[in-house]
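> Quick one, what's the 3D model for this:
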Amino acid sequence: MDLTARAARHPDHWRRATCIRTLALDAVAAANSGHSGMPMGMADVATVLFDNHLRFDASAPDWANRDRFILSAGHGSMLLYALLYLTGSPDMTLEQVKNFRQLGAITAGHPEYGHAKGIETTTGPLGQGIANAVGFAMAEEFLRAKWGKKIIDHYTYCIAGDGCLMEGVSQEAIGLAGRQELSRLIVLWDDNGITIDGKVSIADRTDQMARFAASGWDVFSCDGHDPDAIDAAITAAKASPRPAMIACKTHIAIGHAAQDTAKGHGALTDAAQLKAAKDAYGWPHGPFEIPADLKSWWEAVGAKGQAARHAWEADFAALSDGKKAEFTRAFACEMPKKLPAALRALKKAHVEKAPKIATRTASQLALEVINPILGEHLGGSADLTGSNNTNTKDIGTFGPEDRRGRHIHYGIREHGMAAAMNGMALHGGVRPYGGTFMVFTDYARPSMRLSALMGLPVTYVMTHDSIGLGEDGPTHQPVEHLAMLRATPNTLVIRPADAVETAEAWEVALSQKTTPTVLALSRQNLPTLRQTHTAKNMVAQGGYVLADAEGKRQALLMATGSEVAIAMAARDLLQAEGIGTRVVSMPCWEIFEETDEAYRKRVLPAGPVRVAVEAGIRFGWDRWLYGERGRREKSGFVGMHGFGASAPAEDLYRHFGITAEAVAAKVKSLL
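Numbers count the residues shown, from 1 in each chain. So this is what the prediction gives:
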């Protein structure tokens, strides 16, 4: 059907959808950069979704029970920005739309969470949005069971493109959603058959509908430019007892000379072709001009949800004061007031009992204290529950059988797990944590980076953090991963030395509101090094003096995690020879960097030789070895310089020279 026939058949709808198309064309042309074709092609779907189905109130974009709309195909960001402007979202002014992709504008090239209300997540790396959407839907299921349908009961809609579905993370997400029977999740696939290089068929022949169906989804299809067909498909999808995918057959860059071509994917900036497209739409208006009657109609769409929001506010007000306070606290990411005291009691017990346990075990002991108090704490593991120690007694397993369960079986899906946790954190009301082996941060890395970019308080429980895992060998032994994670902005990497520091690490992680935390935890047992209880959280200092020199201070040893015990043993050897040695535990560099210089100067004074000890590569340690009043010629490193090997942990530490004797020898060589 040609454009004239489509416009004649549904004239009102056509004009409304054309508002989106022309704003996208004008913004991309003004920026001389961007992606015009996807917003043009999916404008009809978005118009029907927002008008007939999406429950939201543009004047209150943070309303907790709103439907969530996620644009996984983030390159088509002007679709979202146009919708926010048209419906009257307070942040999205016409001036912001005109400044698309410009420095300081909230209309970034790809949608960025936090730039404007109504942008539910940061997308652009393809596949992330659909995987986030699974997390949103899981959070909704859990909270609906916890709080009841009057408080939480909404859908999550996601527009995804061919690129999203080609990325591997999409299958992890689709498989997880199918197993979890997330009936409030609806994916609208922009089935336009085009990618940057050309037709999808040059690289892929997947039957996407069969793929989704095989993963436990209900599948539907429609003409993505027929409003009646779109409406019927969404209505059917909402009635589905399983997650639903709608294949929306569309024309990329519809009505433009680049329609149905790879060129249509990108920036359509030719002035003559732009005018021709607007003429084909029957659109005589100037750049960024939306007729008053159409803007009013769209603003009415944005106000449709006000009645539902007001009804929700009445239901929320009817809750007891205690429940209202609990709901508000959880959505504000505040710790329950009694949690710090409970963790201090755990620390005291560790000091008294001095257990020799792995920090992964100590993490589980901390979770046994945390989870009964922090009711919104949703944990899980990528098929390594018994190794990551993420489960605790009496919290149940989340699934269709028990939506109030709080431990999730993610399967062997590290990337999908991390992306889903981002979605949970973005939804609000839940606090996600998830575990795998630390080496598999490689698999989760894209979503971990987005946790940091979006400022999400996700906790990554990464166990088996060094060659100390032993016989599984170099494929499983992380050596460069601490450096990689520490290089990521806005990420706390905490590597605790014993059970006491592990309890403190959890308190630090749960106090974060805008920063993800990686807990790097050992497989092997470690001695309790903190022998005196203190109420103060020393991990919250980033680094601190664990043991000071006896006599004249000549050496300063710095270490993290399992190697702090080695540093302490080296100190004993050096002190026996009259070499005064201070040991500094540095569980979190990022926090230590942010402490005031006077404190850092007290911990790392000028003068003594410095040796760092860590079963990872040296990269990053020079900041502390010969920065901060150190000297290059009086500093050294004991750790890894390549990959590990398969052997018992004790043999590996000796083989790679990470021993107390080697540390002491390094110190003496520098004196």
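> quick one, strands of the stretch 451-600 of the chain?
459-463, 492-494, 517-520, 544-547, 553-559, 580-585 (DSSP state E, counting those that start in this stretch).
> will you turn those into a markdown table that also has mean pLDDT and distance to residue 570?
Where C-beta positions appear, they are placed from N, C-alpha and C, glycine not excepted. Shown next, in a markdown table, are the strands of the stretch 451-600 of the chain (pLDDT from 0 to 100; distance: least, Cβ to Cβ, whole Å):
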| stretch | mean pLDDT | distance to residue 570 |
| --- | --- | --- |
| strand 459-463 | 98 | 26 |
| strand 492-494 | 99 | 23 |
| strand 517-520 | 99 | 21 |
| strand 544-547 | 98 | 11 |
| strand 553-559 | 98 | 6 |
| strand 580-585 | 98 | 7 |
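> Which one, of those, ends up nearest to residue 145?
strand 459-463 (22.3 Å; Cβ to Cβ).
> Could you dump the strands of the stretch 451-600 of the chain into CSV with mean neighbour count added?
Formatted as CSV, the strands of the stretch 451-600 of the chain follow (neighbours: other Cβ atoms under 10 Å):
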stretch, mean neighbour count
strand 459-463, 27
strand 492-494, 26
strand 517-520, 27
strand 544-547, 19
strand 553-559, 25
strand 580-585, 24
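> Export these as a markdown table, with columns for distance to residue 174.
Listed next are the strands of the stretch 451-600 of the chain as a markdown table, based on distance: least, Cβ to Cβ, whole Å:
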| stretch | distance to residue 174 |
| --- | --- |
| strand 459-463 | 23 |
| strand 492-494 | 31 |
| strand 517-520 | 27 |
| strand 544-547 | 46 |
| strand 553-559 | 43 |
| strand 580-585 | 43 |
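> Tell me which of the ones you listed lies nearest to residue 639.
Of all the strands of the stretch 451-600 of the chain, strand 553-559 comes closest under Cβ to Cβ, at 9.5 Å.
> Give me the sheet partners of the closest one and which way each runs.
With DSSP bridges as the test, strand 553-559 is paired with strand 580-585 (parallel), strand 609-614 (parallel).
> Redo those strands as TSV? Include distance to residue 303.
Shown next, in TSV, are these (distance: least, Cβ to Cβ, whole Å):
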stretch	distance to residue 303
strand 580-585	56
strand 609-614	57
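> who's residue 635 bridged to?
Under the criterion used (DSSP bridges), residue 635 bridges to residue 610.
> Report how many residues lie close to it.
Look at residue 635: counted by other Cβ atoms under 10 Å, it has 21 neighbours.
> thought it was touching residue 669?
No: counting by Cβ atoms under 8 Å, residue 635 does not reach residue 669; the two are 11.3 Å apart.
> circling back: of the strands paired with strand 553-559, which is nearest residue 476?
strand 609-614 (18.0 Å).
> by contact count, what packs against the very next helix or strand once past that closest one?
Later in the chain than strand 609-614, the nearest helix or strand by DSSP states H and E is helix 622-625. Packing partners of helix 622-625 (3 or more Cβ pairs under 8 Å, 6 or more residues apart in numbering; DSSP states H and E): strand 609-614, strand 635-639.
> Please enumerate residues in contact with helix 622-625?
Contacts to helix 622-625, defined as Cβ atoms under 8 Å, 6 or more residues apart in numbering, come from residues 558, 586, 589, 604, 610, 612, 630, 632, 635, 636, 637.
> Would you list the buried entries among the residues you listed?
Among the contacts of helix 622-625, the ones that count as buried by 16 or more other Cβ atoms under 10 Å are 558, 586, 589, 604, 610, 612, 630, 635, 636, 637.
> Next, give me the two most distant ones among these.
589 and 636 (18.3 Å).
> Can you lay out the helices and strands packed on helix 622-625 as TSV showing distance to residue 512 and mean pLDDT?
As requested, those are arranged in TSV below (distance: least, Cβ to Cβ, whole Å; pLDDT from 0 to 100):
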stretch	distance to residue 512	mean pLDDT
strand 609-614	24	98
strand 635-639	28	98
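> and of those, who's closest to residue 412?
Judging these by Cβ to Cβ, what sits closest to residue 412 is strand 609-614, at 28.8 Å.
> who's in contact with the closest one?
Residues from elsewhere that reach strand 609-614 (Cβ under 8 Å, 6+ apart): 482, 554-561, 563-564, 566-567, 570, 604, 618, 621, 624-626, 630, 634-639, 658, 663, 666-667, 670-671.
> count of residues packed around residue 146?
Neighbour number of residue 146 under other Cβ under 10 Å is 19.
> Would you mark the buried spots in stretch 533-550?
Within stretch 533-550, judged by 16+ other Cβ under 10 Å, the buried ones are 537, 538, 539, 540, 541, 542, 543, 544, 545, 546, 547, 549.
> scratch that, stretch 251-269 is what I was asking about
251-260, 262-269.
> and for that stretch, what are the contacting residues?
By Cβ under 8 Å, 6+ apart, stretch 251-269 touches 3, 21, 25, 28-29, 31-38, 40-41, 75, 192-199, 225, 270, 273-274, 276-277, 280-281.
> Likewise for stretch 36-46?
Residues contacting stretch 36-46 (Cβ under 8 Å, 6+ apart): 13, 17-18, 20-21, 24-25, 28, 73, 75-76, 78-79, 82-83, 159, 161, 188, 190, 192, 194, 224-227, 230, 248, 250-256, 258, 264-268.
> out of those, which are buried?
For the contacts of stretch 36-46, buried by 16+ other Cβ under 10 Å: 13, 17-18, 20-21, 24-25, 28, 73, 75-76, 78-79, 82-83, 159, 161, 188, 190, 192, 194, 224-227, 230, 248, 250-256, 258, 264-268.
> Among those residues, name the ones in helices.
Judged by DSSP state H, the buried ones among the contacts of stretch 36-46 include 13, 17-18, 20-21, 24-25, 28, 78-79, 82-83, 227, 230 as members of helices.
> Can you tell me which of the residues you listed is nearest residue 476?
residue 79 (42.7 Å).
> Kindly write the ChimeraX command that selects the buried subset of the contacts of stretch 251-269.
Here is the ChimeraX command that selects the buried residues among those (16+ other Cβ under 10 Å):
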select :3,21,25,28,29,31,34,35,36,37,38,40,41,75,192,194,195,225,273,274,277,280,281
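> Go through the contacts of stretch 251-269 and flag which are in strands.
Residues of those located in strands (DSSP state E): 194, 195, 198, 199.
> picking up where we left off before, so which of the strands paired with strand 553-559 comes closest to residue 115?
Of all the strands paired with strand 553-559, strand 609-614 comes closest under Cβ to Cβ, at 37.6 Å.
> what helices or strands is the helix or strand hosting residue 379 leaning on?
Element membership for residue 379 (DSSP H and E) is strand 377-381. Using 3+ Cβ pairs under 8 Å, 6+ apart, the elements in contact with strand 377-381 are helix 128-147, helix 359-373, strand 407-409, strand 431-437.
> Format these as TSV; extra columns: mean pLDDT and distance to residue 338.
Formatted as TSV, these follow (pLDDT from 0 to 100; distance: least, Cβ to Cβ, whole Å):
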stretch	mean pLDDT	distance to residue 338
helix 128-147	98	20
helix 359-373	98	6
strand 407-409	98	22
strand 431-437	98	16
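> mind putting those in JSON lines, distance to residue 384 included?
Output for these, formatted as JSON lines (distance: least, Cβ to Cβ, whole Å):
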{"stretch": "helix 128-147", "distance to residue 384": "19"}
{"stretch": "helix 359-373", "distance to residue 384": "10"}
{"stretch": "strand 407-409", "distance to residue 384": "11"}
{"stretch": "strand 431-437", "distance to residue 384": "6"}
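> Out of those, which gets nearest to residue 528?
Taking the helices and strands packed on strand 377-381 one by one with Cβ to Cβ, helix 359-373 is closest: 9.2 Å.
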